[in-house]
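[1] fold the stuff below for me.
(one chain, ligands or ions: 1)
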Amino acid sequence: KSNPMWGGRFGGAPDKVMEAINASISFDKHLWRQDIRASKAHVAMLGQTGIIDADAAAKIAEGLDAIAAEYEAGGLVENPALEDIHMHVESRLKQLIGEDAGRLHTARSRNDQVATDFKLFVREACEEAEALLKALQAALIDRAEEHAETVMPGFTHLQSGQPVTLGHHLMAYVEMAARDRSRFVDAAKRMNLCPLGTAALAGTPYPVDREATAKALGFDGPTRNSLDSSSDRDFALDYVMAATSTALHLSRLAEEIVIWASQPFGFVKLPDAWSTGSSIMPQKRNPDAAELVRGHAGRVLGALVSLATMLKGLPLAYAKDLQDDKPPVLEVRELITLSLEAMRGMIAELTFVPEKMRAAAASGHATATDLADWLVREKGVPFRDAHHISGSAVAKAEEKGVNLDALTLDDLKAIDNRLDETALEVLTLDASVASRTSFGGTAPERVRKAIAEARKTL
Ligand code: ARG
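    Numbering: from 1, shown residues only. This next block holds a predicted model:
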């Protein structure tokens with residue numbers, strides 16, 4: 001028999017495969033809270049404006065509450081013949097309150113309904129991601145404070161470049177997270193207009209109060225164009241783009257944790273709670289969570305490509321392709337939530353090994369730039385020449401098989417007789433980091449200021 005919701009002009013039932021390809025309940029069931037919330041706002045407005053009578057509106061609202069309680073307690077029974085969450089709710093409403101259930105869908109279409117539900121869902125997802133980013137920042141800032149003076153090698157090309165502090169390094173990720181937070185805040189703000197009441201595509205002849213439903217659902221106001229509203233998914237794209245940027249940043253940090261936890265580095269030890277063992281190699285303590293954060297970034301990017309590609313060729317207004325907007329967003333929300341929570345946990349609980357970091361920083365001639373800067377500052381040598389002289393000192397150290405700071409005064413004098421004992425002092429790691437007091441630099445006093453500023457944003 002034909003579909004009870006739209007089958008009036010149909011004689012027969014859909015093919016089984018038609019039913020299967022058409023059904024979205026297996027994933028849009030995750031939107032049931034938003035669907036019921038939006039329906040309640042809609043029916044309250046229908047009652048207030050007299051589009052339906054107040055008794056029917058009250059009955060429908062009660063029925064919707066009863067369904068919410070049911071779903072909360074035991075989930076819902078999926079029926080592919082009922083296609084999606086919207087028809088599941090309405091059909092259950094009919095079972096509960098009878099014919100008046102049919103009045104709920106007055107002056108709306110599933111097109112504005114799904115756009116509204118999905119916006120509510122995505123807006124929450126933005127708020128959730130922003131809060132999780134803030135929690136990650138708090139963990140990073142705490143560890144940065146603890147290690148404001150801990151010296152580690154700063155790398156370029158993963159080659160020892162100049163010494164930095166671990167606090168400074170961790171604060172770099174606080175900056176990335178700040179930008180990501182602003183992306184989610186910005187996205188949530190931009191999407192905050194309500195599509196409900198634009199109906200199928202052209203608006204509706206009923207005297208709907210779109211301001212009222214927008215307000216009831218926490219939107220800044222109604223959307224301005226019905227064709228755009230029922231087919232716009234920019235808001236989902238904005239969310240997934242912000243999540244992609246977040247995932248890429250998390251992936252970089254995850255990669256560093258993987259490197260730092262490796263035996264040749266040994267900069268960090270992962271606690272039991274954040275590592276896994278091997279079923280064959282008893283000594284193993286693997287950084288699986290970090291690796292999965294790195295892996296998940298690929299899936300988030302995949303979801304972005306899938307969503308963007310789905311949207312690119314659609315004529316106005318609604319097309320069923322738009323139903324496929326949900327799986328990528330649902331996947332991204334799950335992955336980004338897990339990734340942010342795992343990263344916060346790892347950062348808060350991993351053990352840094354300052355001795356290893358210091359030893360690595362000391363072994364790479366990482367203060368060669370400081371020696372060149374000393375020649376510029378103290379002796380007025382042009383930087384290019386100073387660079388060359390310092391390079392000769394590195395060559396001398398390599399020839400002797402020692403680190404740059406182990407050269408003697410005689411060694412230095414033999415290279416350039418303008419070098420004296422105060423030049424030896426700038427070769428130490430602590431002097432090097434302490435000297436980098438420029439705004440945004442790695443000197444511990446600078447890092448402490450950056451930490452204080454960042455705390456204000458939490
Ligand atoms: N399940 C559909 C979706 O997610 C709801 C909208 C159906 N609209 C329609 N014209 N068939 O997009």
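[2] ok, and the closest non-adjacent residue to G11?
    If the residues on either side of it in the chain are set aside, G11 comes closest to S2, at 6.7 Å by Cβ to Cβ, 6 or more residues apart in numbering. C-beta here means a position set from N, CA and C on the backbone, and glycine is covered the same way.
[3] just the endpoints, please. Distance across stretch 352-370?
    26 Å (Cα to Cα, to the nearest Å).
[4] so what touches the strand or helix carrying E72?
    Secondary structure assignment for E72, by DSSP states H and E: helix 54-74. Helix 54-74 has contacts (Cβ atoms under 8 Å, 6 or more residues apart in numbering) with 32-33, 36, 39-40, 43-44, 46-48, 76, 89, 92-93, 96-97, 100-101, 103-104.
[5] list only those of the residues you listed flagged as buried.
    Burial by neighbour count, 16 or more other Cβ atoms under 10 Å: within the contacts of helix 54-74 this picks out 32-33, 36, 39-40, 43-44, 46-47, 76, 89, 92-93, 96-97, 100-101, 103-104.
[6] so which of those are in strands?
    Among the buried ones among the contacts of helix 54-74, no member falls in strands (DSSP state E).
[7] from those residues, which are also near the ligand?
    With the criterion set as Cβ under 6 Å from any ligand atom, no member of the buried ones among the contacts of helix 54-74 is near the ligand.
[8] which parts of stretch 439-458 are buried?
    Buried residues in stretch 439-458 (16+ other Cβ under 10 Å): 441-444, 446-447, 450-451, 454.
[9] over to stretch 207-216?
    208-210, 212-216.
[10] go on, stretch 129-140?
    Those would be 129-130, 132-140, for stretch 129-140 by 16+ other Cβ under 10 Å.
[11] name the nearest of those relative to the ligand.
    A129 (22.4 Å; Cβ to the nearest ligand atom).
[12] export the buried residues of stretch 439-458 as TSV, with columns for secondary structure, distance to A317 and pLDDT.
    Shown next, in TSV, are these (DSSP: H, G, I helix; E, B strand; the rest coil; distance: Cβ to Cβ, whole Å; pLDDT from 0 to 100):
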residue	secondary structure	distance to A317	pLDDT
G441	coil	53	98
T442	coil	54	98
A443	coil	58	98
P444	helix	58	98
R446	helix	54	98
V447	helix	53	98
A450	helix	49	98
I451	helix	50	98
A454	helix	44	98
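[13] most widely separated two among those?
    A443 and A454 (16.3 Å; Cβ to Cβ).
[14] which ones are touching R190?
    234-235, 238.
[15] so L427 touches T408, yeah?
    No: here L427 does not reach T408: they are 11.4 Å apart, not a contact under Cβ atoms under 8 Å.
[16] who has more neighbours, the two?
    Using other Cβ atoms under 10 Å, the more surrounded residue of L427 and T408 is L427, with 24 against 11.
[17] which residue packs closest to the more buried one, ignoring adjacent ones?
    With Cβ to Cβ, 6+ apart, the residue lying closest to L427 is D405, at 4.0 Å.
[18] for A178, same thing?
    Closest to A178 by Cβ to Cβ, 6+ apart is T457, at 6.5 Å.
[19] this completes my enquiry, with thanks.
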